[in-house]
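Novice: Sequence isn't available, so here's the structure alone:
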């Protein structure tokens, strides 16, 4: 038996705004940040569990305070017990009624629970000596169903249906794992398309993306329609007709405006329009989906919880579902969302980038491919080439694909040296 | 000219869980709390602006951290400028893109903005020497429209439509104010119905509610259906056939379960079913509304923002809209929600209770009656008889009605002695 002895937190901020990396129509000057936590135990194995919430600067301290508020659920607790019943652990944190009032199940407190759950998953995977994706992909259908809380979901998917989905994917697990090692998992790149880049840099980065083997790029739009048309023209010319180009409005528009704006961009053969409006607006997205058809609508990186994703699927409000590793309450809730996507037959193309999101979310896609949807052909994971050097197990992306890591853990662990260097109070 | 010199915050918690006041099916042991702030200026008038977020205990410190994160937008700023353009001030806070990432527009950071906006409104009303409701009800339609951010709302209501609604209510403002002074504003009471009370206390409090002149009471339900049937029987017998009884499930059910459970409660002539399921579930509420008809569905106290309320109205998912003074981003956003309710012709019956919510939300109902919907006949404000003694201007509720305060301000100011006594670190 071992016990959690400490919840160590830190406020880590990278000064990315100085380079305009990550600039879009709603977020002109992000400082990519992590409200970071390490779970320390008294076990002889010396293993620690790492997790974080990705933020873009100011307020990262509030997110750290949210994580600290969960200390009472962790410190002094039996590690084996918490890790043996991750579904029960999730419910204990999410249904702390006093903390739940601060959402409920959304915003700072819900993301804090995500960071803690992800850190526990990191620890569990390290104890098993496996990367998280393999740990999950080797669990039985019954164990996987136990991880998911079906409260508020049963009008869309029941535990019995979930069990059938997992069971249907048992045959072929080994084959798909082998395919993953042999061929990787498709990636697309957002690196060329930040709004703050000039036209020359845009064209150069587009050409580099093609040379690097990516089959899809993504451009930020929504600042000015004439600029968007010009930039799309440059990008389309640079990549040629066979590379897909998605666009991302980062919530900039109202419903009618989204439909009108996209009329101007449609001639450039758009792979999807991402976050056209407010991420809470299920009905707005449904109206936009009709209005911009056949261009697919993509959203999810700001989807607050499984109840929101359920409704987007029920309302045909998205056709590309973009899970995020640190927005909802961790691995468990993302499995619920992946199940909903499978039930509704919608493809999942995770949001990544930021800091550490690529390292983390790839595990969920590999798990989905091997043990849940069984699909990879219609999916890809976002890739941005920032800040990977700060992680203990940086992603391996080459030839336009992610390649599965073998290092034990969830991918969340940031190098101690980077954590020290970019600790906010240290460089402020 | 004067300047904001300090943002003083405190973590105030009342140990209400020891009495089971406020216990319901999702919140068994709330400690009614306030993440409290005072805006201090260097003006000779000595006036301060007070606001808070209501929480139920743990995590109140996280909410205080959220408020503190807004200090940079306030301290050192010109007071007259902030107060003169409250619409612009709201947009500055809500569209701080780095802080917005933590929601967006939901949870801890959004409620923090609400507390700050409400404190600025308190200061503005005190400077005007008016209670907030009168300050608002005397503004011109043009000034009122300026307070509202229509981003994400224009598919449901435009600024032009809002202007028409306000203009239509200009005739009769003085008459309705006189009616308010003469006859008050209807209240209903939740005091009898907490789940933690025994049957004898329930019956006694029901009889007292009738004797006190209330036309409606509300009971918490959702723990156990047999208990609910028994308690409703006791309540119906105690109040007689002419007093309305609403029930509140506090988000306990899934969709099918809500419809089935309400089949058992329907014989008791139910005024409304409140929060039958997760507050994010627009489509779930719409399905429940059909399934429990003709019993009205009520919700809103956990409605995260105007975009959620817009959808509930678009989807016919509620027929009683329950605004809350401290859940959304303050007075401005509640005016947006009141406009949506007027546009869709839905009645507004505010959530109150907690700590200080009665003192605050009454101002919005009076304003709505005088200068927006013009309606009072189909509406009432929740009332719970807890913790009013801690406020500088406690509510006056008698004869089953709220009576409008004349003290300048928003009602949020808690007595300094109470703030000291219940400061969390002080009594911990």
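Specialist: Structure received. Quick caveat, the model's predicted, so the values are computed rather than measured.

Novice: Return the residues of the stretch 201-350 of chain A in contact with chain B.
Specialist: A:251, A:254-257, A:277-284, A:287, A:302, A:304-305, A:307-308, A:310-311, A:314-315 (C-beta under 8 Å from any C-beta of the partner chain). Heads up, the C-betas are built off the backbone N, CA and C, glycines and all.

Novice: Now, those that are in strands?
Specialist: Among these, none falls in strands (DSSP state E).

Novice: Give me the buried subset of those.
Specialist: A:251, A:254-255, A:257, A:277-284, A:287, A:302, A:304-305, A:307-308, A:310-311, A:314-315 (16 or more other C-beta atoms under 10 Å in any protein chain shown).

Novice: circling back to that earlier point, now, the residues of the stretch 201-350 of chain A next to chain B that are in helices?
Specialist: A:255, A:256, A:257, A:282, A:283, A:284, A:287, A:307, A:308, A:310, A:311, A:314 (DSSP state H).

Novice: Make a markdown table from those and add distance to residue B:405 to it.
Specialist: Converted to a markdown table, those look like this (distance: C-beta to C-beta, whole Å):
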| residue | distance to residue B:405 |
| --- | --- |
| A:255 | 40 |
| A:256 | 42 |
| A:257 | 42 |
| A:282 | 39 |
| A:283 | 38 |
| A:284 | 39 |
| A:287 | 43 |
| A:307 | 38 |
| A:308 | 39 |
| A:310 | 43 |
| A:311 | 40 |
| A:314 | 45 |
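
Novice: now those residues in a markdown table, with pLDDT?
Specialist: Shown next, in a markdown table, are those (pLDDT from 0 to 100):
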| residue | pLDDT |
| --- | --- |
| A:255 | 98 |
| A:256 | 98 |
| A:257 | 98 |
| A:282 | 98 |
| A:283 | 98 |
| A:284 | 98 |
| A:287 | 98 |
| A:307 | 98 |
| A:308 | 98 |
| A:310 | 99 |
| A:311 | 99 |
| A:314 | 98 |
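
Novice: Closest to residue B:170 out of those residues?
Specialist: Nearest to residue B:170 among these, counting by C-beta to C-beta, is residue A:256 at 29.4 Å.

Novice: so that closest one makes contact with residue B:155?
Specialist: Yes - contact criterion C-beta atoms under 8 Å: residue A:256 and residue B:155 qualify, at 6.5 Å.

Novice: Pull out the buried residues from the longest helix that chain A contains.
Specialist: In chain A, assigned by DSSP H, the helix with the most residues is helix A:107-128. Residues A:107-127 are the ones in helix A:107-128 that count as buried (16+ other C-beta under 10 Å).

Novice: By mean pLDDT, point me to the weakest helix or strand of chain A.
Specialist: Least confident helix or strand of chain A, by mean pLDDT, DSSP states H and E, is helix A:424-427 with a mean of 72.

Novice: Contacts only, for the residue lying closest to residue A:314 once chain neighbours are set aside.
Specialist: Nearest residue to residue A:314, sequence neighbours excluded (C-beta to C-beta, 6 or more residues apart in numbering or on different chains): residue B:283, at 5.4 Å. Applying C-beta atoms under 8 Å, 6 or more residues apart in numbering or on different chains to residue B:283 gives the contacts A:282, A:311, A:314, A:315, B:315, B:317.

Novice: And residue A:116, by the same measure?
Specialist: Counting by C-beta under 8 Å, 6+ apart, residue A:116 makes contact with A:7, A:37, A:39, A:51, A:67, A:70, A:73, A:74, A:93, A:330.

Novice: now those in TSV, with pLDDT, secondary structure and neighbour count?
Specialist: As requested, those are arranged in TSV below (pLDDT from 0 to 100; DSSP: H, G, I helix; E, B strand; the rest coil; neighbours: other C-beta atoms under 10 Å in any protein chain shown):
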residue	pLDDT	secondary structure	neighbour count
A:7	98	strand	20
A:37	98	strand	28
A:39	98	strand	23
A:51	98	strand	31
A:67	98	helix	26
A:70	98	coil	23
A:73	98	helix	19
A:74	98	coil	22
A:93	98	helix	23
A:330	98	helix	28
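
Novice: Just want the phi and psi numbers for residue A:414.
Specialist: Note on residue A:414: its backbone torsions stand at phi -90, psi 150 [degrees, to the nearest 10].

Novice: Just list the residues touching it, thanks.
Specialist: Counting by C-beta under 8 Å, 6+ apart, residue A:414 touches A:12, A:34, A:36, A:50, A:52, A:356, A:390, A:391, A:392.

Novice: repeat that with 6 Å
Specialist: By C-beta atoms under 6 Å, 6 or more residues apart in numbering or on different chains, the residues touching residue A:414 are A:390, A:391.

Novice: Tell me which helix or strand the closest residue to residue A:206 other than its chain neighbours sits in.
Specialist: Closest residue to residue A:206 apart from its sequence neighbours, by C-beta to C-beta, 6+ apart: residue A:238 at 3.7 Å. Element membership for residue A:238, per DSSP states H and E: helix A:225-239.

Novice: Residues contacting whichever helix or strand comes after that helix, please?
Specialist: Next in sequence after helix A:225-239, counting helices and strands by DSSP H and E, comes strand A:244-248. Strand A:244-248 is contacted by residues A:216, A:217, A:218, A:219, A:220, A:221, A:235, A:270, A:271, A:272, A:273, A:274 when judged by C-beta under 6 Å, 6+ apart.

Novice: Between those, which sits nearest residue A:183?
Specialist: Set against residue A:183, the nearest of the contacts of strand A:244-248 by C-beta to C-beta is residue A:216 (16.7 Å).

Novice: How about the residue in the stretch 101-250 of chain A that chain B sits nearest to: what's its closest non-neighbour residue?
Specialist: For the stretch 101-250 of chain A, the residue closest to chain B is residue A:107, as judged by C-beta to the nearest C-beta, at 1.7 Å. In space, residue A:107 comes closest to residue B:107 once its chain neighbours are excluded; the distance is 1.7 Å by C-beta to C-beta, 6+ apart.

Novice: same deal with residue A:262?
Specialist: Closest residue to residue A:262 apart from its sequence neighbours, by C-beta to C-beta, 6+ apart: residue A:292 at 4.5 Å.

Novice: Is that neighbour in contact with residue A:263, as I believe?
Specialist: No - in terms of C-beta atoms under 6 Å, residue A:292 does not count as a neighbour of residue A:263; the distance is 8.2 Å.

Novice: the more surrounded of those two?
Specialist: residue A:292 (22 against 12; other C-beta atoms under 10 Å in any protein chain shown).
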